[in-house]
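>>> Dropping the sequence and predicted coords here.
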Amino acid sequence: MKDKLRSMKDAVADFVRDGDTVVIEGFTHLICFAAAHEIIRQGRKGLTLCRLTPDLIYDQMIASGCCRKLVFSWAGNPGVGSLHAFRRAVEASPPLLEIEEYSHFGMVGRMCAGAANLPFWPMRNYTGADIPASNPLIKAIQCPYTGEKLATVPALRPDATIIHAQRADRAGNTQIWGLMGVQKEAAFASKRVIVAVEEIVDEAVIRSDPNRTLIPSFQVDAVVLEPWGAHPSYAQGYYDRDNDFYVRWDKIARGEASIAKYLDEFVLGVKDRAEYMKKNPGLAERLRAKPSVCAGVDYGY
Amino acid sequence: MMTVQAARELKDGEVVFVGIGLPNLACNLARATHAPNLVLIYESGAVGAVPDRVPPSIGDPALVTGSLMVCGMSDVFQLILQNGKIQVGFLGGAQLDRYGNINTTVVGSYKSPKVRLPGSGGACEIAVHAQRVLIIMKLSKRTFMEKVDYITSPGTRPAGQPRGGVSMPGRGPIKVITDLGLLEPDPQTGELTLTSIYPGVTVDQVRENIGWPLKVREPLGSVGLPSAAELKLLREVLDPQRLHIK
């Protein structure tokens, strides 16, 4: 077994490069803020950032100047309102950020095509909508069997994908439960994959419950042990979403100075996630999950 | 009133694609009253969710705990939505026109927007595929307009044509639930028409808040006020912190 355990610093240094197309996925759940913060600390430039929901994580990366282009399908602060750094960049004249926009289904299709090693993905969608007119990469084909006109989206093949998960072994066999978003497709579509986890477990633990494995080790380049690495997002069974911080970000992100102050203190001013947690006293006690344990199943034969 | 009205549109046992905010509240009100077997599906992948708190986001962990199934989003959009399994979808937006086209993308032009809104999310495909679409929006001349700046989610006459056929399988918007009354598409033209008003509201009041010459279907229906039981549930159980209701 190859031991792929690294620090976040080394994993980002080795696998995320200037100008890369980068996906940090996770739909509300398991968004790896720790990786984004390390990318910001290492000063990566010219990234094409792709996610269904840019969320606070890409708002922070846009504000810190890592991002050249954003590929997305819903750019808001979930349950709160706008992403202000994103809006400032897009509403500027001329815009400070290039965008490529789909719907969620369109982004899901792009990841499916990339993961299946196909050039595009067909779908029934977009009739009567302006989305294809503002994004010429959304095209149409005629079905060779029925003659039906189908919308198509191009495959997404990221240079690097970063996934947060509850647990993995040191080789990178990765298990996730709760909302799974498009993490499996994003990982299989990507040239390089970093997995950050709440816990490292023995291979025997993975083998005891193989249906829980979302990404197998051969698809993973680095494993990072990063407890609380998803905060202010959450990890089912470990800690709750920090909804108060999502509300607070609305205020922080309204001004460039207040974002810079936040980044200085909580991103650039710390060397890793452990220091970030020390800067947030009481956070663990406030958000730690109450148990709701499943009994497990019998894999015998 | 809008929440109660939306809840009343849902039949027991239906499969519903739920959005955050009022739709979520409406679905949970329906589940607590006349539709205990409603199947709530969230685009995040929670199927048959039974949230024990008001979920602040569409991917809240409380949607997972105790749900019937959790699946990836490629399953949500392909096996469930595109495969025609969603009976009711909810939409809202910043702008709506007389054919129920909705804009949640930009105010102004796409290339240099006055206000950049979040975009589609799953709204476009919900508008295409859900068997019935319910729109919940407060009436105002600023939002109910002759022509929307951008069509994010197609309405009753996509590309000028009636719906139907494989590329537009859903019936589209069948009702717009507002704070003053209900609009429904005319079966011939697809144009949204006033069909019911709430107690104490006049037709003129509705007209003052709509940016196109509104047609009224006669006889105009009336809508019953929320019952004491519905109000008690909303205020004391479903949204005690008044996150979504006043």
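Thanks, I have the structure now. No experiment lies behind these values; they were computed from the predicted model shown.

>>> So which residues of the stretch 1-150 of chain A form strands?
Taking DSSP state E, counting those that start in this stretch, the strands of the stretch 1-150 of chain A run over residues A:5-6, A:21-24, A:47-50, A:67-72, A:76-77, A:81-82, A:98-101, A:120-123, A:139-142, A:149-154.

>>> my bad, should have said chain B
Ranges of strands in chain B, per DSSP state E, are B:15-18, B:39-42, B:46-47, B:69-70, B:88-91, B:95-96, B:102-103, B:106-108, B:113-116, B:132-136, B:173-177, B:181-185, B:192-197, B:216-222.

>>> okay, and for chain A, where does confidence drop off?
Under the criterion pLDDT under 70, no range of chain A is flagged.

>>> Please repeat the previous calculation with a cut-off of 90.
A:1, A:79 (pLDDT under 90).

>>> In stretch A:164-172, which residues are buried?
Residues of stretch A:164-172 classed as buried by neighbour count (16 or more other Cβ atoms under 10 Å in any protein chain shown): A:164, A:165, A:166, A:167, A:168, A:169, A:170, A:171, A:172. Where C-beta positions appear, they are placed from N, C-alpha and C, glycine not excepted.

>>> before we move on, the earlier item: just send the strands of the stretch 1-150 of chain A back as CSV, with distance to residue B:76 and mean neighbour count too.
CSV is the format used below for the strands of the stretch 1-150 of chain A (distance: least, Cβ to Cβ, whole Å; neighbours: other Cβ atoms under 10 Å in any protein chain shown):
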stretch, distance to residue B:76, mean neighbour count
strand A:5-6, 33, 18
strand A:21-24, 19, 26
strand A:47-50, 19, 24
strand A:67-72, 18, 21
strand A:76-77, 19, 20
strand A:81-82, 24, 16
strand A:98-101, 20, 17
strand A:120-123, 13, 20
strand A:139-142, 23, 12
strand A:149-154, 16, 20
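
>>> picking up where we left off before, what's the closest of the strands of chain B to residue A:47?
For those, proximity to residue A:47 was assessed by Cβ to Cβ; strand B:113-116 is nearest, at 20.3 Å.

>>> And that closest one, what's buried?
Under 16+ other Cβ under 10 Å, the buried positions of strand B:113-116 are B:113, B:116.

>>> can you tell me if it touches chain A.
Yes. For strand B:113-116, a contact with chain A is found by Cβ under 8 Å from any Cβ of the partner chain, at B:113, B:114, B:115, B:116.

>>> Spell out the residue ranges of the helices in chain A.
A:8-15, A:33-41, A:55-63, A:84-91, A:104-115, A:131-134, A:183-189, A:203-208, A:243-252, A:256-263, A:273-278, A:283-287 (DSSP state H).

>>> between the ones you listed, which one is nearest to residue A:235?
Taking those one by one with Cβ to Cβ, helix A:283-287 is closest: 9.8 Å.

>>> could you dump the closest one to PDB, C-alpha only?
C-alpha atoms of helix A:283-287 as PDB (Å, rounded to 0.1, in the frame of the first residue of the first chain):
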ATOM      1  CA  LEU A 283     -16.300  26.800  17.900                       C
ATOM      2  CA  ALA A 284     -15.900  23.100  18.400                       C
ATOM      3  CA  GLU A 285     -18.200  23.000  21.500                       C
ATOM      4  CA  ARG A 286     -20.800  25.000  19.600                       C
ATOM      5  CA  LEU A 287     -20.900  22.900  16.500                       C
END
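
>>> Please name every helix or strand in contact with it.
The criterion is 3 or more Cβ pairs under 8 Å, 6 or more residues apart in numbering or on different chains; DSSP states H and E, and there are no helices or strands that helix A:283-287 contacts.

>>> neighbours of the residue lying closest to residue B:110 once chain neighbours are set aside, just the number please.
Distance criterion Cβ to Cβ, 6 or more residues apart in numbering or on different chains; nearest residue to residue B:110, sequence neighbours excluded, is residue A:134 at 4.7 Å. A count of nearby residues for residue A:134, using other Cβ atoms under 10 Å in any protein chain shown, gives 17.

>>> try residue A:299
10.

>>> quick one: it and residue A:173, what's the gap?
16 Å (Cβ to Cβ, to the nearest Å).

>>> got it, and residue A:290?
From residue A:290 to residue A:173 the distance is 28 Å (Cβ to Cβ).

>>> Give me the more crowded residue out of these two.
A direct count of neighbours by other Cβ under 10 Å for residue A:290 and residue A:173 places residue A:173 higher, at 26 against 7.

>>> Excluding chain neighbours, what is closest to residue 171?
I went with chain A, as the question did not name one. residue A:217 (4.0 Å).

>>> meant chain B, my bad for not saying
residue B:132 (5.6 Å).

>>> what number of residues lie near the one you found?
Residue B:132, neighbours per other Cβ under 10 Å, totals 18.

>>> how near is it to residue B:16?
10 Å.

>>> Tell me the residues that contact both of those two, please.
By the contact definition Cβ atoms under 8 Å, 6 or more residues apart in numbering or on different chains, residue B:132 and residue B:16 are jointly contacted by B:87, B:88, B:89.

>>> Pairing partners for the last one in the sheet, please.
Bridge pairing for residue B:89 (DSSP bridges) gives the partners residue B:17, residue B:133.

>>> For it, grab the count of nearby residues.
Count around residue B:89 with other Cβ under 10 Å applied: 30.

>>> repeat for residue A:237
Applying other Cβ under 10 Å, we find 19 other residues in the vicinity of residue A:237.

>>> Name the nearest residue to it, sequence neighbours excluded.
residue A:289 (5.6 Å).

>>> any idea of the mean pLDDT for stretch B:176-190?
When pLDDT is averaged over stretch B:176-190, the result is 96.
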